[in-house]
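*Asks:* Structure for this input, please:
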Amino acid sequence: MHMGLRDFFEKNDVVALAFSGGVDSSYLLYAAHKYAKRVCAYYVKSEFQPQFELDDAKKLAEQLGADIKVINLSVLGFDEVTANPYNRCYFCKRRIMSSIMEAAKADGFEVLIEGTNASDEVSDRPGMKALTELKILSPLRDCGITKDRVRELSKEAGLFTWEKPSYACLATRIAQGVHITGEALSITEQAEGELMRMGFSDFRIRMVGKSAKIQVNGAQFDKLIAEREAVCKALKKYYDSVMLDLETRG
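*Replies:* Numbering: from 1, shown residues only. Coordinates of the predicted model:
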């Protein structure tokens, strides 16, 4: 039988949180703010995170009245990350989490937690290796709380993040083995921002050479086809050509 989050935070009542502004870490901040004696959320702003993620993180922390600190870290300075190997996430996660640990320790925190949940597939995630090595705790996972349950609990708690789509960092839009540049990340962020403003959500724009490959969920496929010309016009500002992946995102 899993322990509950209240039990976890009674045992670990002074915690630092690696905060992304996503569904999981947002609910974890809510629970820590409610049950722990002291919590501070640490958000790392790098070239891999679009601005809206930081905006959401600040908004959620403000909604809760929770402490948040933003750490600026240029991940493009690390060759093992920009080379984009199969285990890029491992190197990136180690750099990001180490920077949070350093800041948190200076602020008097010994325990660092993060938002992996019980339904996350951890066997094929190189980033999980970094969490294990750095002894970072994952309360949602340890308490058996799945993504669906996190959304339910977030809705009950009145958190605006409850229906926020899952979001993978901008580096995932660039094929493994292709060198990651600031320009490619900026193009991706701007292009995805264009589609967000057109009302699309839960999609990806993959970079294939100088072309865009759009991946949308099944519910928005018809919308994309109906607005094909406008989408192409918007994206042709950034790419030579625009493609649609017929294998939809769930």
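*Asks:* List the buried residues in the lengthiest strand in the chain.
*Replies:* For the chain, the strand reaching the highest residue count under DSSP state E is reported as strand 38-45. Along strand 38-45, the positions that meet the burial threshold by neighbour count (16 or more other CB atoms under 10 Å) are V39, C40, A41, Y42, Y43, V44. Heads up, the C-betas are built off the backbone N, CA and C, glycines and all.
*Asks:* Over to stretch 5-14?
*Replies:* The neighbour-count check on stretch 5-14 (16+ other CB under 10 Å) flags L5, F8, F9, N12 as buried.
*Asks:* on that earlier part again, which secondary structure elements does the longest strand of the chain contact?
*Replies:* Judged by 3 or more CB pairs under 8 Å, 6 or more residues apart in numbering; DSSP states H and E, the packing partners of strand 38-45 are strand 14-18, helix 23-35, helix 51-64, strand 67-72, helix 88-106.
*Asks:* Please name whichever of the ones you listed is nearest to M196.
*Replies:* helix 51-64 (7.8 Å; CB to CB).
*Asks:* neighbouring contacts of the closest one?
*Replies:* Counting by CB atoms under 8 Å, 6 or more residues apart in numbering, the neighbours of helix 51-64 from elsewhere in the structure are 19-22, 26, 29-30, 33, 41, 43, 45, 67-68, 70, 159-161, 164, 167, 189, 193, 196.
*Asks:* Adding mean pLDDT, write the helices and strands packed on strand 38-45 out as JSON lines.
*Replies:* JSON lines is the format used below for these (pLDDT from 0 to 100):
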{"stretch": "strand 14-18", "mean pLDDT": "98"}
{"stretch": "helix 23-35", "mean pLDDT": "98"}
{"stretch": "helix 51-64", "mean pLDDT": "96"}
{"stretch": "strand 67-72", "mean pLDDT": "98"}
{"stretch": "helix 88-106", "mean pLDDT": "97"}
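*Asks:* Minimum distance to A226: which of those has it?
*Replies:* The closest approach between A226 and any of the helices and strands packed on strand 38-45, judged by CB to CB, belongs to helix 51-64 at 24.9 Å.
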